[in-house]
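Colleague: Coordinates only, no sequence provided:
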């Protein structure tokens with residue numbers, strides 16, 4: 001029985017897409033050299049997942065694991081063997097905001113405008129293979145032109161602006177490791 005070419009192409013395409021999704025969802029190993037800490041996330045400026053999430057509770061459950069996973073992967077690629085990095089977030093204000101005056105039909109729609117900048121406050125500590133602190137500091141990250149950039153993430157990624165800001169910071173702060 002001969003399989004039509006278009007079916008074979010679709011099967012190949014589906015298999016490739018499934019493999020890419022599987023690879024993207026692989027968990028970071030437990031012995032990751034990157035540790036991400038969220039210090040008092042209940043006090044963060046804006047992690048809401050809807051206009052009704054006034055205390056950021058649902059947003060914390062949804063967004064913080066995504067940020068943690070992203071940083072563990074991206075920062076881990078930049079560290080030399082033996083180095084360890086601790087990143088502690090002290091505040092997060094996501095790009096966009098909910099505008100209640102738009103009515104209940106838009107209560108779950110985050111409106112992204114230039115006045116609703118993403119802001120991330122964090123501290124970090126990088127240690128070498130001997131456990132000595134080689135670099136540390138506090139950073140306040142934002143991007144005034146965040147809507148103008150071409151993001152590396154998919155348009156439907158709710159953290160695409162924050163991930164881009166963090167990726168830029170990682171690139172500037174830490175040299176890519178040489179394998």
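Modeller: Received the coordinates, thanks. Just so we're clear, the structure is a prediction, and the values are computed from it rather than from any experiment.
Colleague: Give the residue spans of the chain that score low on pLDDT.
Modeller: In the predicted model, the chain carries pLDDT under 70 at residues 1-30, 51, 53, 106-107, 151-155, 176-179.
Colleague: Quick one: the helices in it, in order.
Modeller: Under the criterion DSSP state H, the chain contains helices at 5-24, 57-76, 160-173.
Colleague: What residues of the last one count as buried?
Modeller: What it means is helix 160-173. Along helix 160-173, the positions that meet the burial threshold by neighbour count (16 or more other Cβ atoms under 10 Å) are 160-167, 169-170. Using the backbone N, CA and C atoms, a C-beta is placed for each residue, glycine as well.
Colleague: Closest one of those residues to residue 54?
Modeller: Residue 54 lies nearest to residue 162 out of the buried residues of helix 160-173, by Cβ to Cβ, at 20.6 Å.
Colleague: Can you tell me, leaving aside adjacent residues, what's nearest to that closest one?
Modeller: With Cβ to Cβ, 6 or more residues apart in numbering as the measure, residue 118 is the residue that lies nearest to residue 162, at 5.1 Å, once sequence neighbours are left out.
Colleague: Could you pull up the residues touching the one you found?
Modeller: 93-95, 142-143, 146, 161-162, 165 (Cβ atoms under 8 Å, 6 or more residues apart in numbering).
Colleague: Save those as a markdown table, and put in distance to residue 77 too.
Modeller: Written out in a markdown table, the entries for the contacts of residue 118 read as follows (distance: Cβ to Cβ, whole Å):
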| residue | distance to residue 77 |
| --- | --- |
| 93 | 26 |
| 94 | 24 |
| 95 | 24 |
| 142 | 24 |
| 143 | 21 |
| 146 | 23 |
| 161 | 21 |
| 162 | 18 |
| 165 | 17 |
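Colleague: List just the nearest of those to residue 67.
Modeller: Residue 67 lies nearest to residue 162 out of these, by Cβ to Cβ, at 6.8 Å.
Colleague: give me the number of residues near residue 110?
Modeller: Applying the criterion other Cβ atoms under 10 Å, we find 18 residues in the vicinity of residue 110.
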